[in-house]
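>>> sequence unavailable; structure follows:
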């Protein structure tokens, strides 16, 4: 799966539902990416800022 860009998200609006998941742990971020979630998010704090680098093919 390739990373979904903002342009892709805008083009998908009204075409299909976008999947999003909020994660709290590294393992959850990796699992969500492997499951094919369109967007992954987390609360920003120093302990979680590196999560995006763990899932380079996901819109984080």
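All right, it came through fine. What you see is a predicted model; the values in this text were computed from it and never measured. Residues are numbered from 1 along each chain as shown.

>>> please, which helix or strand holds the residue nearest the centre of the chain?
The centre of the chain sits closest to residue 40, judged by C-alpha atoms, centre = their mean, with a distance of 2.6 Å. Counting by DSSP states H and E, the element that carries residue 40 is strand 39-41.

>>> give me the distance from the helix or strand following that strand to the chain's centre.
Elements were assigned by DSSP H and E; along the chain past strand 39-41, the next helix or strand is helix 51-54. Taking the mean of its C-alpha atoms, helix 51-54 sits 10 Å from the chain's own mean (C-alpha atoms, centre = their mean, to the nearest Å).

>>> list the buried residues of the longest helix along the chain.
Residue-count comparison of every helix in the chain, with assignments taken from DSSP state H, identifies helix 26-34 as the longest. Taking 16 or more other C-beta atoms under 10 Å as the neighbour-count basis, helix 26-34 is seen to contain the buried residues 29, 30, 32, 33. For the C-beta atoms, the positions are set from N, CA and C on the backbone; glycine is no exception.

>>> most widely separated two among those?
Taking every pair in these and measuring C-beta to C-beta, the maximum separation is 7.3 Å, between 30 and 32.

>>> give me the common contacts of those two.
When C-beta atoms under 8 Å, 6 or more residues apart in numbering defines a contact, the residues bordering residue 30 and residue 32 alike are residue 55.

>>> what is the neighbour count of residue 55?
Residues contacting residue 55 under the criterion other C-beta atoms under 10 Å number 20.

>>> i'd like the first residue to be 270 from this point on
In the new numbering, first residue 270, that becomes residue 324.

>>> if I look at it, how far off is residue 283?
In this structure, residue 324 and residue 283 are 26 Å apart, going by C-beta to C-beta, to the nearest Å.

>>> residue 299: what's it in contact with?
Taking C-beta under 8 Å, 6+ apart as the contact definition, residue 299 lies against 323, 324.

>>> and it, what's its pLDDT?
Note for residue 299: predicted pLDDT of 93.
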